[in-house]
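>>> Here is a sequence together with a model predicted from it:
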Amino acid sequence: MLNKSIEYKNKLSEYRNAVSPFVKSNIYDNTVESSFEALNDWSLFHTLNEVKNWFTLKQDESDMEVIDIPLNETKGWCIDEKTGNIYHQSKDFFIIHGVRVKTKSRETGTEWDQPILEQIGYDGGLLGIIRKRFNGVPHYLCEAKMEPGNYGKVQISPSLQATFSNLNKAHKGRKPHFADYFENTDKYNGFNKIFDAWLAEDGGRLHLKRNRGILIEVPEEFNIEIPNENFIWLSLYQIKELLKEDAWINPHIRGILAHV
């Protein structure tokens, strides 16, 4: 591990010198190092094959059963008799309503109607990845996360993936892991927001939907307690290699790391 971290630092220094004539002054501070990270697997924890074995095991172990049921049998969801809109009994999460679209620039013609999902309050969600160095080598904390609509049920997701309804515990459950690191970054000494921006979502199905994507780097000496075996430290190279697999990396990781 130590030899690999020394090699990382030496090779990174050589890389910075080699590319410096081509670097613009207005790029993100971490862009050069991130491009270097993506060229080789510098992970100090797992080989790429070990990561693949870990993920396929998580898929095999998934206990989530998803059964298609009639929409009018979904518990906790109501239909407004006047509008036909579908909403949650808590008046939180999202609603389903209709839109009528008029345009001259789409292949479908000039007008169509469709249902669309709308986040309550249009406040979106919070998507966050934790970056941490181990012996100077950056790693990214990801989670094998189950969602009912996921292809394959389990996908590799950011350290935090939650709507603000989840963060406010509208579901009556626990607060998501690591939420405070992203909601209150300034109270943690040495935490650095590398990237923080509102990211667009699928406008064909989601009404004015956006999510706030954040990449934070925590100090190397900061201890992060991993909640369970669904979380794993990955190198940037490994994340990009896993994009080649069949829907293993979810779109939120893609969105956050697209800037690097």
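Okay, I see it. Residues are numbered from 1 along each chain as shown.

>>> Next up, phi/psi of residue 27, please.
phi -80, psi 170 (degrees, to the nearest 10).

>>> Flag every buried residue along stretch 208-219.
Residues of stretch 208-219 classed as buried: 209-218 (neighbour count, 16 or more other Cβ atoms under 10 Å). All C-beta spots, glycine's among them, are computed from the backbone N, C-alpha and C.

>>> oh sorry, the question was meant for stretch 140-152
Per 16+ other Cβ under 10 Å, stretch 140-152 contains these buried residues: 140-146, 150.

>>> related to what we said a few turns ago, which of the buried residues of stretch 208-219 sits closest to residue 228?
Distance to residue 228, by Cβ to Cβ, is smallest for residue 218 among the buried residues of stretch 208-219, at 19.1 Å.

>>> Helices of the stretch 51-200 of the chain, start to end?
164-167, 179-183 (DSSP state H, counting those that start in this stretch).

>>> Put together CSV for those, with distance to residue 40 on each row.
Shown next, in CSV, are the helices of the stretch 51-200 of the chain (distance: least, Cβ to Cβ, whole Å):
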stretch, distance to residue 40
helix 164-167, 36
helix 179-183, 28
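
>>> Max pairwise distance over the buried residues of stretch 208-219: which two?
Greatest spacing in the buried residues of stretch 208-219, by Cβ to Cβ: 209 and 218 (28.7 Å).

>>> Among the buried residues of stretch 140-152, which ones are in strands?
With strands taken from DSSP state E, the overlap with the buried residues of stretch 140-152 comprises 140-146.

>>> Next, format the residues you listed as JSON lines and append pLDDT and distance to residue 19.
Output for those, formatted as JSON lines (pLDDT from 0 to 100; distance: Cβ to Cβ, whole Å):
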{"residue": "140", "pLDDT": "98", "distance to residue 19": "22"}
{"residue": "141", "pLDDT": "98", "distance to residue 19": "27"}
{"residue": "142", "pLDDT": "98", "distance to residue 19": "27"}
{"residue": "143", "pLDDT": "98", "distance to residue 19": "32"}
{"residue": "144", "pLDDT": "98", "distance to residue 19": "34"}
{"residue": "145", "pLDDT": "97", "distance to residue 19": "35"}
{"residue": "146", "pLDDT": "95", "distance to residue 19": "40"}
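
>>> Just name the closest of these to residue 125, please.
residue 145 (13.2 Å).

>>> I'd like to know the beta-bridge partner residues of the residue nearest to the closest one when sequence neighbours are not counted.
Nearest residue to residue 145, sequence neighbours excluded (Cβ to Cβ, 6 or more residues apart in numbering): residue 157, at 3.9 Å. Beta-bridge pairing of residue 157 under DSSP bridges involves residue 143.

>>> Distance check, residue 157 against residue 104.
According to Cβ to Cβ, to the nearest Å, residue 157 and residue 104 sit 39 Å apart.

>>> between the two, who's got more neighbours?
Comparing residue 157 with residue 104 by other Cβ atoms under 10 Å, the one with more neighbours is residue 157, at 23 against 7.
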